[in-house]
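> I would like to see how this sequence folds:
(one chain, ligands or ions: 1)
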Amino acid sequence: MNIIKVNNNIELSEKAAQFVLNTISSKERPILGLATGSTPEKLYELLIDKNRAGEVSFSKVTTFNLDEYAGLSGEDPQSYRYFMNKHLFDHIDIKKEKTFIPNGLALDIEEECKSYEQLIEQSGSIDLQLLGLGLNGHIGFNEPGTPFDKRTHVVALDAVTREANARFFSHLDEVPTQALTMGIGTIMEAKQILLLVIGEKKADILKQVVHGDVSENVPASILQRHPNVTIITDIDV
Ligand SMILES: N[C@@H]1[C@@H](O)[C@H](O)[C@@H](COP(=O)(O)O)O[C@@H]1O
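Reported below is the predicted structural model:
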C-alpha cells in the first residue's frame with residue numbers, strides 16, 4: 001500500500017483531487033466510485049472549484065456511490081443521494097443520469113442490490129474508488145464480520161456506526177438500522193483505490209488496517225491484498 005502523509009484536511013483533499021483529475025484525464029469514459037461521510041467533503045469542494053475554473057470536465061464521467069441508507073428517499077437530507085447532489089453533483093457538469101447510488105426506497109432492497117451490482121458490471125470496472133474509513137474499520141457499510149467475497153448487499157448497521165453517524169441526524173433513533181452497500185468483493189475489483197483517513201480518533205484502526213492481519217473483523221484490512229491502493233492520511237501509520 002502506498003501511503004501519503006499529509007498535515008491536514010486541505011492537503012489531503014488537494015492530493016486526492018489530483019488522483020481524481022488524473023483518472024478523468026487518462027480515460028475516455030472514466031468511472032469513479034464515490035464515498036460520503038465528512039472526510040471527502042473538502043475534496044468535493046475542490047472538484048467543484050476546478051470544474052468551474054475549467055480545469056476538469058465531468059461530462060463523460062460515470063459515478064457509482066458506495067452505499068445508501070435503507071428507507072430514506074433521495075429527497076431526505078440525511079440520504080446519501082441528497083448528500084452527493086448537495087456536495088458535488090448539483091455544482092458540476094456531470095450528467096445526473098450517469099450518477100448511480102442504490103435506491104434506499106426500493107420496494108425490494110435485495111433486488112435493488114442485485115441490479116446495482118449488474119449496473120456496475122455492465123459499465124466495466126471502476127477506475128478509481130474513493131473510500132473513507134469507519135471507526136470500526138468498515139468500508140462502505142461493510143461492517144466487521146462481513147465476508148470478503150460479498151457483492152452489493154443489504155446490511156444491518158452496527159451500533160458503533162449508528163452512533164458515529166447520529167451526528168448527522170437529530171436523534172439516534174432516526175438513524176436507519178439497515179443500508180445497501182457495495183460488497184468488499186465489488187470494491188476490490190476497482191482498478192485503483194484511494195482511502196482517505198483524517199483524525200487521531202482513527203489512528204488505532206488505521207494501524208490495524210495497514211499492519212494487522214487481513215481479517216474480516218477489520219474489513220478495510222483486505223486492502224493489503226489489492227494491487228493499487230493509496231492511503232492519504234494525517235496519521236503517522
Ligand atoms: N458509509 C459511510 C462510509 O462510507 C464512510 O467512510 C464513513 C466514515 O465517515 P466520516 O468520513 O464522516 O468519518 O461513514 C459512513 O459510515
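
> how about the residues of this protein near the ligand?
Within the chain, the positions near the ligand by Cβ under 6 Å from any ligand atom are 35-39, 66-67, 132-134, 140-141, 161, 165. For glycine as for every other residue, the C-beta is placed from the backbone atoms N, C-alpha and C.

> do that again at 8 Å, thanks
35-40, 66-67, 80, 131-135, 138-141, 161, 164-165, 179, 181, 196, 198-199, 202 (Cβ under 8 Å from any ligand atom).

> can you map out the strands along this protein?
2-5, 31-34, 62-65, 67-69, 99-100, 128-131, 153-156, 178-181, 192-197, 229-233 (DSSP state E).

> Show me which of the residues of the chain next to the ligand are buried.
35-37, 39-40, 66-67, 80, 131-134, 138-141, 161, 164-165, 179, 181, 196, 198, 202 (16 or more other Cβ atoms under 10 Å).

> just to revisit the earlier point, ranking the strands of the chain by burial, who's on top?
Of those, the one with the most neighbours on average (mean count of other Cβ atoms under 10 Å) is strand 128-131, at a mean of 26.

> Only C-alpha atoms, please: export that strand in CSV.
Presented in CSV, the C-alpha positions along strand 128-131 are these (Å, rounded to 0.1, in the frame of the first residue of the first chain):
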residue,chain,number,x,y,z
LEU,A,128,-10.9,4.9,-9.1
GLN,A,129,-12.7,4.0,-5.9
LEU,A,130,-12.7,6.6,-3.1
LEU,A,131,-13.1,5.2,0.4
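
> List the neighbouring strands of that strand plus their orientation.
Using DSSP bridges, the strands paired with strand 128-131 are strand 31-34 (parallel), strand 192-197 (parallel).

> contact partners of the last one?
The one in question is strand 192-197. Strand 192-197 has contacts (Cβ atoms under 8 Å, 6 or more residues apart in numbering) with 12, 16, 19, 23, 35, 39-40, 43, 127-133, 139, 187, 206, 209, 220, 223, 226, 228-235.

> Strand 229-233 and that strand, what's the angle between them?
Per axes from the mean of the first three to the mean of the last three Cα atoms, to 10 degrees, the angle that strand 192-197 makes with strand 229-233 is 20 degrees.

> tell me the mean pLDDT over strand 192-197?
Mean per-residue pLDDT for strand 192-197: 98.

> repeat for the shortest one
In this model, strand 31-34 has a mean pLDDT of 98.
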